[in-house]
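> sequence first, predicted coordinates after that:
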There are 2 protein chains.
Amino acid sequence: MTITTDAVADLRAALPAPDSVLTDPDLLLAGSRDMADLCPAGVPLAIVRPRDTAEVSATVRIAAAHGVPVVPQGARTGLAGGANAVDGSIVISLIRLTQISVDTTARLAVVGAGVVNADLSRAAAREGLDYPPDPGSWESSTIGGNVATDAGGMCCVKYGVTSRYVAGLTVVLADGAVLHCGRYGSERAAGYDLTGLFTGSEGTLGIITEIVLRLRPARRPGRTLAAVFPTVAAAGRAITGITGSRVVPSLLELLDRTHLRAIEDYRPSGLDTGAGALLLAASDTGPGAQTELDIMAAHCERAGATELHVATDQVEADALLAARRLAHPAMERLAAQRFPGGRGGLIVDDVAVPHGRVVELVEGVIRIAESHDVLVGVVGHAGDGNFHPVIVVDLSDPAVLARGRAVFDEIMRLGLSLGGTCTGEHGVGLLKRDWLERELGPVGVRVHQAVKSALDPAGILNPGKVVLPAHDGS
Amino acid sequence: MTITTDAVADLRAALPAPDSVLTDPDLLLAGSRDMADLCPAGVPLAIVRPRDTAEVSATVRIAAAHGVPVVPQGARTGLAGGANAVDGSIVISLIRLTQISVDTTARLAVVGAGVVNADLSRAAAREGLDYPPDPGSWESSTIGGNVATDAGGMCCVKYGVTSRYVAGLTVVLADGAVLHCGRYGSERAAGYDLTGLFTGSEGTLGIITEIVLRLRPARRPGRTLAAVFPTVAAAGRAITGITGSRVVPSLLELLDRTHLRAIEDYRPSGLDTGAGALLLAASDTGPGAQTELDIMAAHCERAGATELHVATDQVEADALLAARRLAHPAMERLAAQRFPGGRGGLIVDDVAVPHGRVVELVEGVIRIAESHDVLVGVVGHAGDGNFHPVIVVDLSDPAVLARGRAVFDEIMRLGLSLGGTCTGEHGVGLLKRDWLERELGPVGVRVHQAVKSALDPAGILNPGKVVLPAHDGS
């Protein structure tokens, strides 16, 4: 590889395929950020679209030689600014890395970082296999991004989050070297758990280009329960009851009234918009499903559910889940409607607390929202204790935005005080960096910085995300 | 804390409780090694026995000030030399850190590193809970050691290895600072997965003093099947069949003829010593147990099992497992008997391969043993693809020992060539350092060295284990 004084020329020489190096100003602007409305984004020098690991490696070598930062991107559905460009950086879009190979004997899939979650799920399903993690964005987000943020999803309460399924990784390091970690087909790999270290590191330690994922035998269709509650707090008590029982639901999702109304307004589907909250619960354990559903229903009744409805068939069950999956676009629409003269937007929070503290969290969120006169909807993977308080703001009104930020900070503070974590699945990115520092404490921050600078001594990998270097004053 | 010119005096001042600082030469020699017969051990300067994290921290601060290495130890049941002292080191024995606190609501236990696995299991059982990982040494090995090596066990085929259960850690770092990682009660913790990084790092990145462990609702007693095979290869085919089916056994263990005879000789329990191999399989899924057992039995028959026996009650099932658990002491006795004039010993190998390669591994081990005229018994967690070829040697006879080492190396080479890993659960320690290097390749080694030197720049934490620093020539 030749290194000249012109980084873009070097990139064009190393990545000769058409449309591999984009420098059109409109494209640079359009591709500079993810979906976190509140996080700043710079303008990159170029967006490159490598076709394989070798081209990613070449790109990083060129970036390193020029001392230019690199910012990896997937589908840019992130909600924490983790994929936002910094000024003068090279954005590496991994969306061309779309190979999928499913090994039915080993129950593994080898996939490129740019494979869309739903495409992998469908490829696995064709072989009678299942890839469980199903983040809200599963129809658009990439596996690379899912792994980089250790994404969760609806069925993770039973089947675990993304990291549970990552058996091995191909990672391009800060100097362009290619690391393979994990062992294909073995449950174990000797030495330090590098696979675990890169998973969830949001592109700050290396760029994940290929992933070996564990698959499971396909799940059996189960039974789904919808329980209506007068208040979010009552639903919270049901959640605590269910998660404290022997039953492990295959799904346990909460929608509050704000979400029910927003979804019904967006795509009418018969949701009870007078309810305080709706809890969706499912069991997929075959013959035991009805017993498990009965136990969950009993907990709902005890907590004050006013209505219980068991889906009579899979079509109805799927419709309930489809409604749940509309939460984000529905709330985006609600925000636009709420501030017709301004620019309605969302601050999507992401906080996970221990099971026993769920009621305190949801009650606290309501109290915080009321005290600042800000509309906050609560939705979440209740079975994981992982909630998304969605703060509705006018991005063009500094006063409203300031109130929204205050609500965000108070919710974060509450979550940590309940023993929770500042991000359950969306990642730290830019949005939660300060809160990560509080969660980790000074020793934890120092260890993060030590690991970061060991693997990225020049600080060119997704700079500013997750943790700042020690000399930046943290 | 005062630092003088005398490290032992400093230790005595910082750890005033009786018997906290041992320097008696006999005790130093006796406490200098684990159970890996083949690995060298030096003589420590002192063995300290701190009572809590603060005393561990004080010890490490003193060691750092004096530039003296520290070697953490639990019950010293390790099989890879990971707990072996180096000359002039301070051995930190964690066996006094024995507090156990079980939180039934959160289904968590907070335990000191020195808690014996079986003591935790019993404490959990008293609350109707279960801590699954059950390494062979569970009656004596400590949770700290289990976490430091990411130990497996018999039920891990279904329930996963130790790392699956580690929710958080307290770690004393190389400068004596105390790190808390993970979040109590939350499934998730933001930032890099430090909990995963320290788990399995064998005391080379920090000293684990306290562990937050996930517990499960107690398992239901299940059904156990014993299948007799004419050859190990036939048993291997049954293993491949079962692991490729929908059934996830709660136990799938292999014993070869050498083990059957050694165990029967050590504690007669009615094992069929004429069999080529015995496979133990179990299901604990309640009402579905019989169906699962039937499927497993069918796979055994198809693979050529000559006899199938289902335990009629839990007493009989427990007796079969108890026989399996005698494998190690029985083989130690066999080694002593085999070399009456010498010093019989074992090289216990530990290799894990993908499910589809099990038959190739076990057949290969037999071929290797025969070609060197060395007795090798095969036992293992078959469902995990994790096998322990046990090489019987005369430690006093260099020629026999050399043949044993050659067998060990050939088995390692075979395991890696089958896509396996050089250690399934015993750890790298000293025994597998060269093989870890081969498994990782140069880039993987470099990343290991970078992480090690980031967290232990002076190289005082368990030096020589897992990976050598870059300047040592690797």
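Ah, there it is.

> does A:Leu346 sit in a helix, a strand or a coil?
At A:Leu346 the chain is in strand, as set by DSSP: H, G, I helix; E, B strand; the rest coil.

> from A:Gly136, how far off is it?
A:Leu346 sits 13 Å away from A:Gly136, going by CB to CB, to the nearest Å. All C-beta atoms are positioned from the backbone trio N, CA, C, and that covers glycine.

> hey, what's in contact with both of these two?
Between them, A:Leu346 and A:Gly136 share these contacting residues under CB atoms under 8 Å, 6 or more residues apart in numbering or on different chains: A:His328.

> spell out which parts of the stretch 201-350 of chain A neighbour chain B.
Contact residues (CB under 8 Å from any CB of the partner chain) of the stretch 201-350 of chain A with chain B: A:Ser201, A:Leu205, A:Pro217, A:Gly244, A:Arg246, A:Gly286, A:Pro287, A:Gly288.

> quick one: contacts for A:Ile366?
With CB under 8 Å, 6+ apart, A:Ile366 has these contacts: A:Val232, A:Ala233, A:Val376, A:Val378.

> in a markdown table: those, plus neighbour count.
A markdown table is the format used below for the contacts of A:Ile366 (neighbours: other CB atoms under 10 Å in any protein chain shown):
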| residue | neighbour count |
| --- | --- |
| A:Val232 | 23 |
| A:Ala233 | 18 |
| A:Val376 | 22 |
| A:Val378 | 26 |
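
> is it possible to export the residues of the stretch 201-350 of chain A next to chain B to TSV including neighbour count and distance to B:Leu27?
Below are those laid out as TSV (neighbours: other CB atoms under 10 Å in any protein chain shown; distance: CB to CB, whole Å):
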residue	neighbour count	distance to B:Leu27
A:Ser201	30	44
A:Leu205	26	43
A:Pro217	13	54
A:Gly244	15	48
A:Arg246	10	48
A:Gly286	11	58
A:Pro287	10	59
A:Gly288	16	55
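
> pull the most distant pair out of these.
Within those, A:Leu205 and A:Pro287 form the most distant pair, 45.1 Å apart (CB to CB).

> if we can go back for a sec, so which of the contacts of A:Ile366 sit within helices?
Judged by DSSP state H, the subset of these located in helices is A:Val232, A:Ala233.

> ok, the nearest residue to A:Cys181 once chain neighbours are set aside to B:His448 distance?
Sequence neighbours aside, A:Leu194 is the residue nearest to A:Cys181 in space, at 4.2 Å (criterion: CB to CB, 6 or more residues apart in numbering or on different chains). A:Leu194 sits 8 Å away from B:His448, taking CB to CB as the criterion.

> equivalent analysis for A:Gly182, please.
14 Å.

> common neighbours of the two, please.
Counting by CB under 8 Å, 6+ apart, the residues touching both A:Gly182 and B:His448 are A:Leu194.

> so which strand or helix has the residue of the stretch 151-300 of chain A found nearest chain B?
Closest approach between the stretch 151-300 of chain A and chain B, counting by CB to the nearest CB: A:Gly185, at 2.8 Å. Here A:Gly185 is covered by no helix or strand, with elements defined by DSSP states H and E.

> so it versus B:Pro389, what's the distance?
Distance from A:Gly185 to B:Pro389, by CB to CB: 19 Å.

> looking at the two, which is more packed in?
B:Pro389 (28 against 24; other CB atoms under 10 Å in any protein chain shown).

> in terms of contact, does that one touch B:Val374 like I think?
No - if you go by CB atoms under 8 Å, B:Pro389 and B:Val374 don't touch, sitting 10.3 Å apart.

> overlap in contacts of these two?
By CB under 8 Å, 6+ apart, the residues touching both B:Pro389 and B:Val374 are B:Val407.

> quick one, what contacts the residue in the stretch 251-400 of chain A that chain B sits nearest to?
When distances are taken as CB to the nearest CB, the stretch 251-400 of chain A reaches nearest to chain B at A:Pro354, 2.8 Å away. A:Pro354 is in contact with A:Gly385, A:Leu418, A:Gly419, A:Gly420, B:Ala106, B:Arg183, B:Tyr184, B:Gly185, B:Ser186, counting by CB under 8 Å, 6+ apart.

> what number of residues lie near the fifth one?
Residues contacting B:Ala106 under the criterion other CB under 10 Å number 21.

> quick one, what contacts it?
Contacts of B:Ala106 by CB under 8 Å, 6+ apart are A:Pro354, A:His355, A:Gly356, B:Tyr184, B:Gly185.

> for the second one, same thing?
Contacts were defined as CB under 8 Å, 6+ apart; by that measure A:Leu418 touches A:Val353, A:Pro354, A:Arg357, A:Glu360, A:Leu361.

> recalculate using a threshold of 10 Å.
Neighbouring residues of A:Leu418 by CB atoms under 10 Å, 6 or more residues apart in numbering or on different chains: A:351-354, A:356-358, A:360-361, A:364, A:385, B:185-186.

> need the residues you listed in a markdown table (columns: pLDDT, secondary structure and distance to B:Tyr266).
Below are those laid out as a markdown table (pLDDT from 0 to 100; DSSP: H, G, I helix; E, B strand; the rest coil; distance: CB to CB, whole Å):
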| residue | pLDDT | secondary structure | distance to B:Tyr266 |
| --- | --- | --- | --- |
| A:Val351 | 94 | strand | 55 |
| A:Ala352 | 93 | strand | 50 |
| A:Val353 | 93 | coil | 51 |
| A:Pro354 | 89 | coil | 47 |
| A:Gly356 | 85 | helix | 48 |
| A:Arg357 | 91 | helix | 51 |
| A:Val358 | 91 | helix | 52 |
| A:Glu360 | 94 | helix | 56 |
| A:Leu361 | 95 | helix | 56 |
| A:Gly364 | 96 | helix | 61 |
| A:Gly385 | 91 | coil | 49 |
| B:Gly185 | 74 | coil | 44 |
| B:Ser186 | 74 | coil | 46 |
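
> relative to A:Ile143, which of the residues you listed is nearest.
Distance ranking of these against A:Ile143, using CB to CB, places A:Ala352 first at 21.8 Å.

> just the pLDDT for the residue lying closest to the closest one once chain neighbours are set aside.
The shortest distance from A:Ala352 to any non-neighbouring residue, by CB to CB, 6+ apart, is to A:Gly424 (3.3 Å). The score at A:Gly424 is 88. That number is its pLDDT.

> surely A:Gly424 and B:Ala190 touch.
Yes - between A:Gly424 and B:Ala190 there is a contact at 8.5 Å, judged by CB atoms under 10 Å.

> which neighbours do the two share?
A:Asp150, A:Asp350, A:Val351, A:Ala352.

> can you list the residues you listed in TSV and add neighbour count?
Formatted as TSV, these follow (neighbours: other CB under 10 Å):
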residue	neighbour count
A:Asp150	25
A:Asp350	29
A:Val351	29
A:Ala352	28
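
> what's the farthest-apart pair in these?
A:Asp150 and A:Val351 (15.3 Å).

> list phi and psi for the residue positioned nearest the centre of chain A.
Residue closest to the mean C-alpha point of chain A, counted by CA atoms, centre = their mean, is A:His426 at 3.6 Å. Backbone torsions of A:His426, given as degrees, to the nearest 10, read phi -80, psi -20.

> wait, what's in contact with the residue nearest to it when sequence neighbours are not counted?
Counting by CB to CB, 6+ apart, A:Asp350 is the residue found nearest to A:His426 once chain neighbours are left out, at 4.2 Å. Listed by CB under 10 Å, 6+ apart, the contact set of A:Asp350 reads A:79-80, A:149, A:152, A:380, A:386-390, A:411-412, A:415, A:421-428, A:431-432, B:188, B:190.

> of these, grab the buried ones for PyMOL.
Restricted to buried positions by 16 or more other CB atoms under 10 Å in any protein chain shown, the PyMOL selection for the contacts of A:Asp350 reads:
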select buried, (chain A and resi 79+80+149+152+380+386+387+388+389+390+411+412+415+421+422+423+424+425+426+427+428+431+432) or (chain B and resi 188+190)
